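J.: got a sequence here, can you model it:
(one chain, ligands or ions: 1)
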Amino acid sequence: MVKIINDELNKLFEIKTDDCYTVESVHYRKTLCVSSQVGCSIKCSFCASGLNGLIRNLSADEIIKQYTLAKEEGLEIESIAFAGIGEPLLNWDNVKKAFEYFKSNGLSVSFYTTGFPIHNFKELLSLNHDGVNLSLHSVF
Ligand code: SF4
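T.: Down below sits the predicted model:
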């Protein structure tokens, strides 16, 4: 089930998974911001997504579905930002599969990450990405 909330600049998708959790993706300009996890274990102090910790990782299909749903709404999408709910490096295998799918469809793909775990961060830097934004607000 998908609930779509519009404001002047953005379109927010609330997507219910088959096991009844909710994740969000946001379309702004020609970018779709996608979630990589249900909940988040990082628990940044300013962010509601981590309040209940991590519930589970999203599968690669569930990440890609956020894109296909937005396309079905007729939205123009040129780039994907892994900037929604979750730390992409903590669901790395599924995020990499979705990344390959997005790149093979001609999209630019950027990441927003705390850089943890560091070995996945190093691998991320070696990918053919279109930008990595490192947040250093949580020092652990
Ligand atoms: S890593 Fe992202 S989703 Fe997780 S708590 Fe921090 S800001 Fe929120």
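J.: going by C-alpha atoms from here, please, whenever you check contacts or count neighbours.
T.: Fine.
J.: and the lowest-mean-pLDDT helix or strand in the chain, which residues are buried?
T.: Here the helix or strand of the chain ranked lowest by mean pLDDT, DSSP states H and E is strand 2-6, holding a mean of 77. Across strand 2-6, burial judged by 16 or more other CA atoms under 10 Å covers no residue at all.
J.: continuing past it, what's the next helix or strand?
T.: Sequence-wise, the next helix or strand downstream of strand 2-6 (DSSP states H and E) is strand 10-16.
J.: returning to that earlier point: residues contacting the least confident helix or strand of the chain, please?
T.: For strand 2-6, the surrounding residues in contact (CA atoms under 8 Å, 6 or more residues apart in numbering) are K11, L12, F13, E14, I15, K16.
J.: wait, N91 sits on R56?
T.: No: at 9.2 Å, N91 does not count as touching R56 under the criterion of CA atoms under 8 Å.
J.: would you map the strands across the chain?
T.: 2-6, 10-16, 22-28, 31-33, 37-39, 54-57, 79-82, 108-113, 132-134 (DSSP state E).
J.: how about those strands in JSON lines, adding distance to the ligand?
T.: Putting the strands of the chain into JSON lines (distance: least, CA to the nearest ligand atom, whole Å) gives the following:
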{"stretch": "strand 2-6", "distance to the ligand": "20"}
{"stretch": "strand 10-16", "distance to the ligand": "15"}
{"stretch": "strand 22-28", "distance to the ligand": "11"}
{"stretch": "strand 31-33", "distance to the ligand": "12"}
{"stretch": "strand 37-39", "distance to the ligand": "7"}
{"stretch": "strand 54-57", "distance to the ligand": "9"}
{"stretch": "strand 79-82", "distance to the ligand": "10"}
{"stretch": "strand 108-113", "distance to the ligand": "7"}
{"stretch": "strand 132-134", "distance to the ligand": "10"}
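J.: and the least confident helix or strand of the chain, which strands flank it?
T.: strand 10-16 (antiparallel) (DSSP bridges).
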